[in-house]
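give me a 3D structure for the following:
(chains A and B)
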There are 2 protein chains.
Amino acid sequence: MSQSIEQEFKNLLKEQASYEEAIGLMAWDLRTKAPKRAVDQRSEVIGVLSQKVHEIQTSEKMKEYLDALTDASTDPIVNKAVEEARETYERTVKVPVEEYKAYVTLQSKAESIWAEAKESNDFKGFQPYLEKLVSYNRRFADYWGYDHHKYDALLHNYEPGVTVEVLDQVFPKVRKALTELLEQINQATDQPDPSLLKGHFPKDKQEAFSYEILEHMGYNFEAGRLDETVHPFAIGLNSNDVRVTTKYDEKDFRTAVFGTIHEGGHALYEQNIDPALAFTPLATGTSMGIHESQSLFWENLVARSKPFWQNHYELFKRHAPDRFSSISLEDFYRAVNEVKPSMIRIEADELTYSLHIMIRYELEKALIGGEIEVKDLPGLWNEKMRDYLGVTPQNDSEGILQDIHWSGGDFGYFPSYSLGYMYAAQLHHTMKQEISFNDVIQKGDFKQIQQWLTERIHRFGKMKKPLEIINDVTGEGLNPDYLVSYLTNKYQEIYKL
Amino acid sequence: MSQSIEQEFKNLLKEQASYEEAIGLMAWDLRTKAPKRAVDQRSEVIGVLSQKVHEIQTSEKMKEYLDALTDASTDPIVNKAVEEARETYERTVKVPVEEYKAYVTLQSKAESIWAEAKESNDFKGFQPYLEKLVSYNRRFADYWGYDHHKYDALLHNYEPGVTVEVLDQVFPKVRKALTELLEQINQATDQPDPSLLKGHFPKDKQEAFSYEILEHMGYNFEAGRLDETVHPFAIGLNSNDVRVTTKYDEKDFRTAVFGTIHEGGHALYEQNIDPALAFTPLATGTSMGIHESQSLFWENLVARSKPFWQNHYELFKRHAPDRFSSISLEDFYRAVNEVKPSMIRIEADELTYSLHIMIRYELEKALIGGEIEVKDLPGLWNEKMRDYLGVTPQNDSEGILQDIHWSGGDFGYFPSYSLGYMYAAQLHHTMKQEISFNDVIQKGDFKQIQQWLTERIHRFGKMKKPLEIINDVTGEGLNPDYLVSYLTNKYQEIYKL
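Residues are numbered from 1 along each chain as shown, chains lettered A, B, ... in the order given. The predicted structure is shown next:
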């Protein structure tokens, strides 16, 4: 095998990764710093660079390198990069260029239409766009191919290896357990009191607390920063520049505290990827589900646990109003873990959250499979909300229209959120066998947790597929029982069932 | 002429401008927000995108478009863009690619060597690098060609139309007038008292004042922002995103106040370029000298004038320590205009500043022309400082090593600073004939000033060459008499000569 072809391939990947890094910075800037009027031209610039990425991914040169290099290198990173680039090449060239371009135009149009429709509670206004988006995605699924269900072709974009067959096994099991648990919780006589948590939390104090917690988690501020934004996110430009954003609600500290920790979990993943993967498509988290497992691990398994607050409650009080000095740790802990079915997914507690996801999953699957149509969605949504969560949206804005994802054509993404929960609980189970989890957290020795996750997950980037990681770390495939038993144990104690 | 070639040409320019905009944002970020460890990989990404810009500028396609389109369009913007792109093409292809690459590597190395040499006062450590940089630039000048003096070929990069012949006429004249004036000032019996200006100026108050002044100047915060940095700059990513940076010294308010106004002057230029020039190489200031004329106009002609402080002194006092309430406007005005020869160019007052520039100019010209060699520089520098300014550097760090420019190979740049002063005074002269300058400033109606400059200068971007602008606006070519008479009148009054 010619050394020079390998080098040329690496150079091409580096060019692609450079555009992606520049796009990443522009995206971060648009959501945190850019002045209002910068948006239009900057979006065009992002469009030009995205077009270059697409050209590289589908170029003749790329094809040539991939054909020459498949399994040909002595360097495992090159072999994996070839695999990854080949998959991107093959999926991308299957979609006719003109159709792809029309789809990109539709996406950007649909997003603003969705925003208006949500604002004015007008599903009918969004319906024709959503219909087109669905029909594109059905066609894309056909181009990409699948073994059993059309929806598998879309799931593959976010969680390769996870199929309808898998989800149809695990979701009903989890749903049954959660709805039963929810039933018991609703009937519990000793309920937590979330009104305890009210108060005025000045932004600067919340900010100081957020910085401290990120430091404790092992987030490296020499390779990142924390900023404010409207819709919080974390972004890894490269492993030495991974930025966290958060939002401060002066009436509710939970938004920033749990939000920062959640994004911090994503950021730890990206900060700890092996630097040897830099400038290849492997230098990022392996899937949406595994990424979400990291953020949820920190947000819920760590930061909503009792040992966490045994360690952090004193620090919290220093940044909170005086009245917290008379609230016991136990009452505080129960209050931040209140379970309450609600309309909005992103405001849901850790127990009901997965039920929201299952509703999306069932609708998406049926929609892509052609069993239902877009016009049926509002009715079906409300019905399922009633069945699974016992609440009924007052209107489509707080119902079917609440999330942005579909307006960008992101079908197959939602299950990642729930898979992330299941992975997190499964990793938690394994971790507890290897280190004394509660002691470590109570002592605030989060470095040990971070190192455990880095050693087993983070450093690999995309060198391993999601289920390969889960198998290697936990010794078995995806198993939803860990999530069920984690939630059952935790909430039986909190609700004294 | 084929419409489609014109469109293809525009697309290529748009691609180039997109890379440049992304590079600009990455540069801004590195100097304001980026975490420490981001620097290395980000520099590589900037390198990849810069390489693409270079490839486009010198591509076969570009050549083809230029040949097809010269003077062929009905659109004057396209014709100018062709002219501009042709000049870049021709100058760039004249330098052999391998030589250019070696030079880029040398530049980035030399910059860190210079920083070390300045830190440790070791000119000898920098000398071999500077020798190489000089010899590259002598060769580049030969590649590019010139009529009379080799240095003209370099001047052309920063101030097309201005030559050694021009500078050798104006500089001695200005120098003679300024040194005579300086002589009188040094002997004046009634000196301003800069110790009045001492105090503690909290950063947040300086920041608030900086925001207010930028607003007053007509800087549009919907198309820009203000941040803190070590070496202040303004950067125009496009006319809707022009960012200003400044530095707050809590012991000396002048750094931030005059620095912000200076960078604000640059920013107004970039914010007010005709949007029709977007995505072409014409969408920026026409030259370094004209750019500097805008920043210096605001910093000195406006903000160091008495009417400015008649209007702004009360506002200033609200952001300054109480003791300023007992300092008269007159004493304050005289103190901020103290003339005092000093070692460091960037700390020089508006009168002695040009003398620093002339020293650089004379040395650069002789160096590129081969009349002196690098090893002669420290001695010649100190000699000229003594002759022109009456002060002698204690060491090379505060002498020949003080400025970064040469370490990046920027020969021919320094004269722009002084040309900017001369342009500013000449524009000031014309403006005063058209609007009642002092009244307008005293009333704080800066919008009128900004509009005057936008109408005559800003909006054209690179549609006009620097001397074309000066001629069109003032009715004559570069004339240094306006600077001399402005400074003479101003300082005769301040020093009661």
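
show me the contacts for the closest residue to residue A:443 other than its chain neighbours.
Of all residues not flanking residue A:443 in the chain, residue A:311 sits nearest, at 6.9 Å (C-beta to C-beta, 6 or more residues apart in numbering or on different chains). Any C-beta I mention is one placed from the backbone N, CA and C, and that applies to glycine too. When contacts are counted by C-beta atoms under 8 Å, 6 or more residues apart in numbering or on different chains, residue A:311 touches A:441-444.

which SS state does residue A:311 fall under?
State at residue A:311, reduced to three classes by DSSP: H, G, I helix; E, B strand; the rest coil: helix.

quick check, pLDDT for the closest residue to residue A:429 other than its chain neighbours.
Among residues not flanking residue A:429 along the chain, residue A:482 sits closest, at 4.6 Å (C-beta to C-beta, 6+ apart). Per-residue pLDDT puts residue A:482 at 98.

how many neighbours does residue A:482 have?
Residues near residue A:482, counting by other C-beta atoms under 10 Å in any protein chain shown, number 21.

and residue A:404, by the same measure?
By other C-beta under 10 Å, 13 other residues sit near residue A:404.

give the contact list for it.
By C-beta under 8 Å, 6+ apart, the residues touching residue A:404 are A:111, A:114-115.

out of those residues, which are buried?
Buried by 16 or more other C-beta atoms under 10 Å in any protein chain shown: residue A:114, out of the contacts of residue A:404.

arrange the contacts of residue A:404 in a markdown table, one row each, with secondary structure and distance to chain B as further columns.
Converted to a markdown table, the contacts of residue A:404 look like this (DSSP: H, G, I helix; E, B strand; the rest coil; distance: C-beta to the nearest C-beta, whole Å):
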| residue | secondary structure | distance to chain B |
| --- | --- | --- |
| A:111 | helix | 21 |
| A:114 | helix | 25 |
| A:115 | helix | 20 |
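
would you turn the contacts of residue A:404 into a markdown table with distance to residue A:399 and pLDDT?
Formatted as a markdown table, the contacts of residue A:404 follow (distance: C-beta to C-beta, whole Å; pLDDT from 0 to 100):
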| residue | distance to residue A:399 | pLDDT |
| --- | --- | --- |
| A:111 | 19 | 90 |
| A:114 | 14 | 95 |
| A:115 | 16 | 92 |
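
can you pull the buried residues of stretch A:178-198?
Neighbour-count burial for stretch A:178-198 flags A:178, A:181-182, A:185, A:192, A:196-197 (criterion: 16+ other C-beta under 10 Å).

try stretch A:86-105
Buried residues in stretch A:86-105, defined by neighbour count with 16+ other C-beta under 10 Å: A:86, A:88-89, A:91, A:95, A:100, A:103.

chain center to it, what's the gap?
Taking the mean of its C-alpha atoms, stretch A:86-105 sits 24 Å from the chain's own mean (C-alpha atoms, centre = their mean, to the nearest Å).

for the record, mean pLDDT for that stretch?
Average pLDDT, stretch A:86-105: 94.

what lies in contact with that stretch?
Counting by C-beta under 8 Å, 6+ apart, residues outside stretch A:86-105 touching it are A:54, A:57-58, A:62-63, A:66, A:70, A:136, A:139-140, A:143-144, A:281, A:409.

repeat that for 7 Å
With C-beta atoms under 7 Å, 6 or more residues apart in numbering or on different chains as the test, stretch A:86-105 has contacts from A:57-58, A:62-63, A:66, A:136, A:140, A:143-144, A:409.

restricted to buried residues, select those residues in PyMOL.
Only the buried entries of the contacts of stretch A:86-105 go into this PyMOL selection, using 16+ other C-beta under 10 Å:
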select buried, chain A and resi 57+58+62+66+136+140+144+409
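
the contacts of stretch A:86-105 in helices, which ones?
Members of the contacts of stretch A:86-105 lying in helices (criterion: DSSP state H): A:57, A:62-63, A:66, A:136, A:140, A:143-144.

dump those residues into a markdown table; add pLDDT as well.
Below are those laid out as a markdown table (pLDDT from 0 to 100):
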| residue | pLDDT |
| --- | --- |
| A:57 | 97 |
| A:62 | 98 |
| A:63 | 97 |
| A:66 | 97 |
| A:136 | 97 |
| A:140 | 97 |
| A:143 | 97 |
| A:144 | 97 |
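
pLDDT of stretch A:164-183, averaged?
The average pLDDT within stretch A:164-183 is 96.

ok, back up a step: what about the buried residues of stretch A:178-198, which are in helices?
Per DSSP H, the buried residues of stretch A:178-198 map to helices at A:178, A:181-182, A:185.

what is the nearest of those residues to chain B?
Nearest to chain B out of these is residue A:178 (C-beta to the nearest C-beta; 40.2 Å).

ok, the ones in helices among the buried residues of stretch A:178-198 vs residue B:420, which is closest?
Closest approach between these and residue B:420, by C-beta to C-beta: residue A:178, at 69.9 Å.

nearest to chain B: which residue in the stretch 251-400 of chain A?
Going by C-beta to the nearest C-beta, chain B is nearest to residue A:278 of the stretch 251-400 of chain A, at 6.4 Å.

I'd guessed that residue sits against residue A:238; true?
Yes. Under the criterion of C-beta atoms under 7 Å, residue A:278 makes contact with residue A:238 at 6.0 Å.

what do the two both touch?
What both residue A:278 and residue A:238 touch, as defined by C-beta under 7 Å, 6+ apart, is the set residue B:41.

who's in contact with the residue most central in space within chain A?
Note on chain A: the residue nearest the mean C-alpha position is residue A:292, at 4.2 Å, using C-alpha atoms, centre = their mean. Neighbouring residues of residue A:292 by C-beta under 7 Å, 6+ apart: A:416-417, A:420.

identify each buried residue in stretch A:316-331, please.
Here stretch A:316-331 shows A:316, A:319-320, A:324, A:327 as buried, counting by 16+ other C-beta under 10 Å.

in TSV, list the residues you listed along with secondary structure, distance to chain B and pLDDT.
What follows is these, written out as TSV (DSSP: H, G, I helix; E, B strand; the rest coil; distance: C-beta to the nearest C-beta, whole Å; pLDDT from 0 to 100):
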residue	secondary structure	distance to chain B	pLDDT
A:316	helix	26	95
A:319	coil	21	93
A:320	coil	25	94
A:324	helix	29	96
A:327	coil	34	96
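
now for those, which pair is the farthest apart?
Taking C-beta to C-beta, no two of these sit farther apart than A:319 and A:327, at 14.3 Å.

helix, strand or coil: sort out residue A:235 for me.
Under three-state DSSP, the three-state class of residue A:235 is strand.

specify the beta-bridge partners of it.
residue A:243 (DSSP bridges).

neighbours of it, just the number please.
By other C-beta under 10 Å, neighbour count at residue A:235 equals 20.

can I assume it is in contact with residue A:23?
No. Contact between residue A:235 and residue A:23 fails when scored by C-beta under 7 Å: they sit 10.5 Å apart.

just among the contacts of residue A:311, which is most surrounded?
Within the contacts of residue A:311, residue A:441 tops the neighbour count with 24 neighbours, counted by other C-beta under 10 Å.

ok, and the closest non-adjacent residue to it?
Counting by C-beta to C-beta, 6+ apart, residue A:307 is the residue found nearest to residue A:441 once chain neighbours are left out, at 4.1 Å.

now swap in residue A:138 and tell me
Closest to residue A:138 by C-beta to C-beta, 6+ apart is residue A:368, at 6.0 Å.

test my guess that residue A:484 contacts residue A:177.
Yes. At 4.3 Å, residue A:484 counts as touching residue A:177 under the criterion of C-beta under 7 Å.
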